[in-house]
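**Student:** sharing a model prediction with you, sequence too.
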Amino acid sequence: MKVAIISQYYPPENVHITANVARGLAQRGHQVRIITGYPNYPEGQLFDGYVQRWRSREFDGDIEILRVPLWMDHSQRAFRRALNYGSFALSAATARDFVSGADVIYVYATQMTPAFGPWIWRLVGGAPYVLHIQDLWPDSIIGSSLVSGGRSAWVIDRVLDPWISSVYHRAGAVIGIAPTMIRILEERGADPATLHLVYNWAEEPKAEPSRQHPASSVAMTTVLYGGNVGDMQDLETAVRAAHAAADAQIRLQIVGDGIALTRVKAVVGRLGATNVEFGGPVARSDMAYYYAQADYALVTLKDLPIFRGTVPSKLQSALAFGLPVITTVQGDVRSLVNDLQVGYTADAENVDALEQAFRAAAGAAHNVRLAMADRARDAYADRFSQAAGIDAIARILERTVRRHRPRIERESSAVD
């Protein structure tokens, strides 16, 4: 196949799924081209070594990359973030010539706006597109500080909702990352015949992970939160719960950066919490060190209906490293952790419930922790591995091409 990929983010930004898909498809013999923005995520500042211009081409192995300009911003000001998302959507839409001849377009939809170009192109006879939905829109921005009612709510209701429904309806296939998300996508206009569940995967350890210390040999139980410190992660609740469970020898380590970091640190200061530490931003490739030092991984989100159908990549990362989980994410994540017996769960935004989960985790016997770690590794291999995910995506793209381009299928059959 000739595959075009549209994604606002791509390395050297600290992302991995789009790059894994692109490289995995290329390794399987497909021709891959990518339209993306200039690297600036998550700080909203252009990376060193780059100069933003109308077009810039580079290569990742055999994969040709076209970078297009965008308004760089990662603040909580709604208008500026809208410019960030919208400017990339418009810039990418002007680059149709770069992907002309593509059999299928894969859209990595962390937000829905990268789908704008493929949606427009499809209206005028362009290649079919496959959406890989990471966050349900507009749910993921409703309730955040980006939307506070008024005109923003009106735009979402009158403009964004109808457009998103059209994007789903016209997609050649739609990939969701959790069972509940699949059900919601069907309710919102996606054709059930085109819906597919593919769990996200983690950036996998290059070697068998090993703990730096036996869990039973240290006084403190370290709970690691690694990732974006944003509005939706609700780390204020985690800080309060860890402070309340300090006598259980719980240590909460927060490694990452984001717009809520200053606010979370302020909560630590007000409480005088001495068992909460901050590690600052860390490259994804360096997280192995922190996983090896930890006893549990913390996976948190606010209590919003949208998150019941979300499986944050932090879950897969923890499982890949054989790390049991403590989670406040309701719905699919809570069910997975309980069913797979890989950790402890608590109600979202509930300090008392999370404190009790921390205490239970700290009190678990050494052999119980080791058994959870073994189940975590097995669960990752069976359900969440990179190889399984990319194989599934490749099959979905191939089926989409066959369905929309019968000629290609006939030619392939003739060659076989």
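**Tutor:** Looks like it arrived, so ask away.

**Student:** so what touches the lengthiest helix in the chain?
**Tutor:** With secondary structure taken from DSSP state H, the chain has its longest helix at helix 386-404. The contact list for helix 386-404, computed with C-beta atoms under 8 Å, 6 or more residues apart in numbering, reads 1, 3, 20-21, 24-25, 28, 30, 103-104, 106, 127-128, 130, 132, 172-173, 175, 196, 198-202, 204, 408-409. To be clear about C-beta, it is placed using only N, CA and C from the backbone, and glycine gets the same treatment.

**Student:** now which of those residues would you call buried?
**Tutor:** For the contacts of helix 386-404, a neighbour count by 16 or more other C-beta atoms under 10 Å gives the buried set as 1, 3, 20-21, 24-25, 30, 103-104, 106, 127-128, 130, 132, 172-173, 175, 196, 198-202, 204.

**Student:** strands - which of the contacts of helix 386-404 land there?
**Tutor:** Counting by DSSP state E, the contacts of helix 386-404 place Val3, Val104, Tyr106, Val130, His132, Ala173, Ile175, His196 in strands.

**Student:** got a list of what the last one touches?
**Tutor:** Which is His196. Applying C-beta under 8 Å, 6+ apart, we find His196 in contact with Ala173, Val174, Ile175, Gly176, Ile182, Ala392, Ile396.

**Student:** turn these into JSON lines, including distance to Arg334 and pLDDT.
**Tutor:** Listed next are the contacts of His196 as JSON lines, based on distance: C-beta to C-beta, whole Å; pLDDT from 0 to 100:
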{"residue": "Ala173", "distance to Arg334": "28", "pLDDT": "96"}
{"residue": "Val174", "distance to Arg334": "24", "pLDDT": "96"}
{"residue": "Ile175", "distance to Arg334": "22", "pLDDT": "96"}
{"residue": "Gly176", "distance to Arg334": "18", "pLDDT": "93"}
{"residue": "Ile182", "distance to Arg334": "17", "pLDDT": "92"}
{"residue": "Ala392", "distance to Arg334": "24", "pLDDT": "94"}
{"residue": "Ile396", "distance to Arg334": "27", "pLDDT": "97"}
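
**Student:** save those as TSV, and put in distance to Val299 too.
**Tutor:** As requested, those are exported to TSV (distance: C-beta to C-beta, whole Å):
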residue	distance to Val299
Ala173	28
Val174	25
Ile175	21
Gly176	19
Ile182	20
Ala392	23
Ile396	27
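
**Student:** out of those residues, which is nearest to Met220?
**Tutor:** Nearest to Met220, judged by C-beta to C-beta, of the contacts of His196 is Gly176 at 38.5 Å.

**Student:** excluding chain neighbours, give the residue nearest to the closest one in space.
**Tutor:** Nearest residue to Gly176, sequence neighbours excluded (C-beta to C-beta, 6 or more residues apart in numbering): Ile182, at 4.4 Å.

**Student:** tell me, how many residues neighbour the one you found?
**Tutor:** Other residues lying near Ile182 total 21 when counted by other C-beta atoms under 10 Å.

**Student:** quickly find the element holding it.
**Tutor:** Secondary structure from DSSP states H and E places Ile182 in helix 179-187.

**Student:** just the helices in the stretch 151-300 of the chain please.
**Tutor:** Secondary structure of the stretch 151-300 of the chain by DSSP state H, counting those that start in this stretch: the helices cover 151-155, 161-170, 179-187, 235-244, 261-271, 287-293.

**Student:** closest one to Leu340 among those helices?
**Tutor:** Closest approach to Leu340 among the helices of the stretch 151-300 of the chain (C-beta to C-beta): helix 179-187, 14.0 Å.

**Student:** please save the CA atoms from the closest one in PDB.
**Tutor:** What follows is helix 179-187, C-alpha atoms only, in PDB (Å, rounded to 0.1, in the frame of the first residue of the first chain):
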ATOM      1  CA  PRO A 179     -14.400  -0.900  24.500                       C
ATOM      2  CA  THR A 180     -16.600   1.900  25.900                       C
ATOM      3  CA  MET A 181     -15.100   4.300  23.300                       C
ATOM      4  CA  ILE A 182     -16.200   1.900  20.600                       C
ATOM      5  CA  ARG A 183     -19.800   2.000  21.900                       C
ATOM      6  CA  ILE A 184     -19.800   5.800  22.100                       C
ATOM      7  CA  LEU A 185     -18.400   6.200  18.600                       C
ATOM      8  CA  GLU A 186     -21.200   4.000  17.200                       C
ATOM      9  CA  GLU A 187     -23.800   6.200  19.000                       C
END
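
**Student:** could we number from 17 for the rest of this?
**Tutor:** Sure, I'll start counting at 17 from here, so that last one is helix 195-203.

**Student:** what helices or strands is it leaning on?
**Tutor:** Contacting helix 195-203 under the criterion 3 or more C-beta pairs under 8 Å, 6 or more residues apart in numbering; DSSP states H and E are the following elements: strand 189-192, strand 211-213, helix 348-356.

**Student:** most packed of those?
**Tutor:** Mean neighbour count (mean count of other C-beta atoms under 10 Å) peaks for strand 189-192 among these, with a mean of 26.

**Student:** outside of it, which residues touch it?
**Tutor:** 144, 146-149, 184, 198, 201, 206-207, 210-214, 325, 409, 412-413, 415-416.

**Student:** residue contacts, the residue nearest to Gly192?
**Tutor:** With C-beta under 8 Å, 6+ apart, Ile198 has these contacts: Gly192, Leu211, His212, Leu213, Gly325.

**Student:** now the two most distant members of those.
**Tutor:** Pairwise distances across the contacts of Ile198 peak at 14.4 Å for His212 and Gly325 (criterion: C-beta to C-beta).

**Student:** against Val115, how distant is Ala310?
**Tutor:** Taking C-beta to C-beta, to the nearest Å as the criterion, Ala310 is separated from Val115 by 42 Å.

**Student:** same thing with Gln269?
**Tutor:** Between Gln269 and Val115 the distance is 43 Å, computed by C-beta to C-beta.

**Student:** Leu287 now?
**Tutor:** Taken as C-beta to C-beta, the span from Leu287 to Val115 is 52 Å.

**Student:** the two: who's more crowded?
**Tutor:** Per other C-beta under 10 Å, whichever of Leu287 and Val115 has more neighbours is Val115, with 23 against 15.

**Student:** so the more buried one touches Ile50, yeah?
**Tutor:** No - look at Val115 against Ile50 with C-beta atoms under 8 Å: they stay out of range, at 9.1 Å.

**Student:** need the overlap of contacts for these two.
**Tutor:** Jointly contacting Val115 and Ile50 under the rule C-beta under 8 Å, 6+ apart are Ala20.

**Student:** export the ones in strands among the contacts of helix 402-420 to TSV and tack on distance to Asp273?
**Tutor:** Below are the ones in strands among the contacts of helix 402-420 laid out as TSV (distance: C-beta to C-beta, whole Å):
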residue	distance to Asp273
Val19	33
Val120	35
Tyr122	29
Val146	32
His148	25
Ala189	34
Ile191	28
His212	33
